[in-house]
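Student: pasted the sequence and its predicted model underneath.
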Amino acid sequence: MKKKNILVTGGAGFIGGHLCKLLIKNKYNVSVIDNFSLGKIINLPKKIKIYREDILDYKSCVEACKNVDVVIHLAAKVSIRNSVKTFDEDVHNNVIGTINILNAAAKAKVKKIIFASSMAIYEKSKKNSAFKETSSIEPLSPYGISKLAAEKYILLMAPKMGIDPIVLRLFNTYGPGQTLTPYVGVITIFIKNILKNKISKIFGNGKQKRDFVHVDDVANGFLLAMESKKSVNKIFNIGSGRTLSIIKVFKAIQKKLGKGNYKYYPKDVTELNYVCADISKAKKLISYKPQHTFESKISEVIDHLK
């Protein structure tokens, strides 16, 4: 059987790098388009075709999509908190960039597109209940709005273009290799701050809960969705299905490292109090089952950052 050709946009990034390695391991031909604004060449397996281009350049998207069977679209401007200041960048990268990829995929007769969306599209949980794919949609940030708009374009337009769409809504992904920024990846930020003897910021009272999912589980979610015959035209939550409070995460890292201080700051308006993925749909239709827990993997992340 002929190997499928997979294009991963943003493939040199945190999630993209882990996904590319998994795809190569499963004998797929993989290529990447990435502008390397945050991505790193070290994240990528050897012998992989790389387009050092931006998805905002349509011609580059067309070139990257040639002879591709499946596009996994990860490339995005990622920051919930910072998107309030840079909402125009979110529109350009997350919406216009997505439309460029979609049009280029259609021109190349790509068969399937899998879009990395976000839990940021959901409405604030009123009863501290897990988000289902059918839960109310009301983004609190420009980032969430941009992801929702991109979802809508893909689900509406891809079938009209002859492409099978799949949407994965990712929850708080963590793991080794996460790019350190002031806005993304609270676990990585806490570890780095403690290692550098810096005080960590905790917004609000720290009791807000998050669904932390290991990057290897996320990568596997993409693989399962791509290979399943039951995933087309569907949306799936990809998380761990369990929660941890921000303050508990900090204290767990603090205990592992034997040091660390934090300071409370006013809660951000874009912040949800309770975030948990209902992953029952993904379990049932694509056999998704998280293999890793925060407790079993936190030492791995710490060791990687030392």
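Tutor: Everything's here; your move.
Student: okay, helices next: where are they in this structure?
Tutor: Using DSSP state H, the helices found in the chain span residues 14-25, 58-65, 87-90, 97-107, 142-160, 186-195, 215-227, 246-257, 280-286, 294-305.
Student: list the buried ones in the longest one?
Tutor: Meaning helix 142-160. With burial defined by 16 or more other C-beta atoms under 10 Å, the residues of helix 142-160 counted as buried are 142-151, 153-155, 158. Any C-beta I mention is one placed from the backbone N, CA and C, and that applies to glycine too.
Student: residues contacting residue 131?
Tutor: Counting by C-beta atoms under 8 Å, 6 or more residues apart in numbering, residue 131 makes contact with 119, 122, 125, 237, 275, 276, 277, 278.
Student: and with 10 Å instead?
Tutor: Contacts for residue 131 (C-beta atoms under 10 Å, 6 or more residues apart in numbering) come out as 119, 121-123, 125, 137, 169, 171, 211, 237, 239, 272, 274-279.
Student: please indicate which of the residues you listed are buried?
Tutor: Among the contacts of residue 131, those classed as buried by 16+ other C-beta under 10 Å are 119, 121-122, 125, 169, 171, 211, 237, 239, 272, 274-279.
Student: how long is stretch 62-78 end to end?
Tutor: 24 Å (C-alpha to C-alpha, to the nearest Å).
Student: what comes up buried for it?
Tutor: Taking 16+ other C-beta under 10 Å as the criterion, stretch 62-78 shows 62, 64-65, 68-78 as buried.
Student: repeat for stretch 286-302
Tutor: Those would be 286, 288, 290, 292, 294, 297, 298, 301, 302, for stretch 286-302 by 16+ other C-beta under 10 Å.
Student: ok, now stretch 23-33?
Tutor: So stretch 23-33, judged by 16+ other C-beta under 10 Å, has buried residues 23, 24, 28, 29, 30, 31, 32, 33.
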